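Asker: how does the following fold in three dimensions:
(one chain, ligands or ions: 1)
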Amino acid sequence: SDDDSDDDTRTIVAGTAPGFPPFEFRQDGELLGFDIDLTEAVIERSDYEFGGWETFEFDSLIPALQNGNIDVIAAAMTIEDERREQIAFSDAYYEADQSVLVRSDDDDLPQSREDLSGSIVGAQGGTTGENEVDRLIDDGIIPESDKNVYDNYTLAATDLENGNIDAVVVDVPVARTFSEDLAVEVAFEIETGEEYGFGIRQDDEELVAAVNDGLEAVTDDGTYNDLVAEWFE
Ligand code: GLN
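Answerer: Numbering: from 1, shown residues only. This next block holds a predicted model:
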């Protein structure tokens, strides 16, 4: 067999972690969101064929990529040095800070990290939001026992709305979406200047280059701006 022949189109399977609107979420069983549309548009611009979506919990995405179950991670994943030790990233495609989400009927809105003293604070496991909760613990603002970790952020936001916890630390665009759909609101932001990238195996330099070319193409032809308008405005 000759798997490397030029007419043998490689199929790219993408992985994501729903529960992170508007980047990736399920509606009536359908997988939707900015990352979903952007990924498909980028792969369509390449010589590869798009092979569909696999879904995981967020902290299972890097192992799934390394095992070869998927070829690309599209999950609003922040480009971080610690992750770079395990996987490669495309160029950045979105920027975001962290935010602290509270219930809308909270009568004593926290305005700073210090104000979270006495609060039970939630985040999705394996995220930069969880890292911020760990910083609250390291700084002695909350004890370890007041940290709640969830499999996805939709579960965390629902637990907040139901009054089981007092705050959720989550990326700003996702917090804004929750505040439109649930009785929760953004109390304040934590400036982290994060950049999201697509995750790709370190030895798959060819796909990194193709995704970067695709990102440039969808930016140049206006597709990127159209998707931002569709999902964020
Ligand atoms: N941007 C955050 C991170 O990379 C959250 C991503 C997510 O929950 N999908 O950790």
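
Asker: average pLDDT for stretch 45-52, rounded please.
Answerer: Across stretch 45-52, the average pLDDT comes to 96.

Asker: hmm, who's touching it?
Answerer: Outside stretch 45-52, the residues that touch it by CB atoms under 8 Å, 6 or more residues apart in numbering are 9-14, 40, 43-44, 71, 207, 210-211, 213-214, 217-218. All C-beta atoms are positioned from the backbone trio N, CA, C, and that covers glycine.

Asker: 7 Å - rerun?
Answerer: The contact list for stretch 45-52, computed with CB atoms under 7 Å, 6 or more residues apart in numbering, reads 9-13, 40, 43-44, 210, 213-214, 217-218.

Asker: Throw these into TSV and include secondary structure and distance to the ligand, thanks.
Answerer: Shown next, in TSV, are these (DSSP: H, G, I helix; E, B strand; the rest coil; distance: CB to the nearest ligand atom, whole Å):
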residue	secondary structure	distance to the ligand
T9	coil	29
R10	coil	26
T11	strand	24
I12	strand	20
V13	strand	18
E40	helix	18
I43	helix	19
E44	helix	23
A210	helix	22
D213	helix	24
G214	helix	21
A217	helix	24
V218	helix	21
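
Asker: now, the most widely separated pair of these?
Answerer: Greatest spatial distance among the contacts of stretch 45-52 (CB to CB): V13 and A217, at 21.0 Å.

Asker: residues touching the most centrally placed residue in the chain, list them.
Answerer: With distances taken as CA atoms, centre = their mean, A76 lies nearest the centre of the chain, 2.8 Å away. Counting by CB under 7 Å, 6+ apart, A76 makes contact with 20, 23, 35, 171, 196.

Asker: of all the residues you listed, which two lie farthest apart?
Answerer: Most distant of these, by CB to CB, are D35 and D171, 12.3 Å apart.

Asker: for these two, indicate the residue with more neighbours.
Answerer: Neighbour count, other CB atoms under 10 Å: between D35 and D171, D35 has more, with 28 against 25.

Asker: please enumerate the helices of the protein.
Answerer: 34-44, 61-67, 81-84, 128-138, 153-161, 172-181, 205-220, 223-232 (DSSP state H).

Asker: up against the ligand, what does the chain have?
Answerer: 17, 20, 58, 75-78, 124, 127-128, 153, 171, 194 (CB under 6 Å from any ligand atom).
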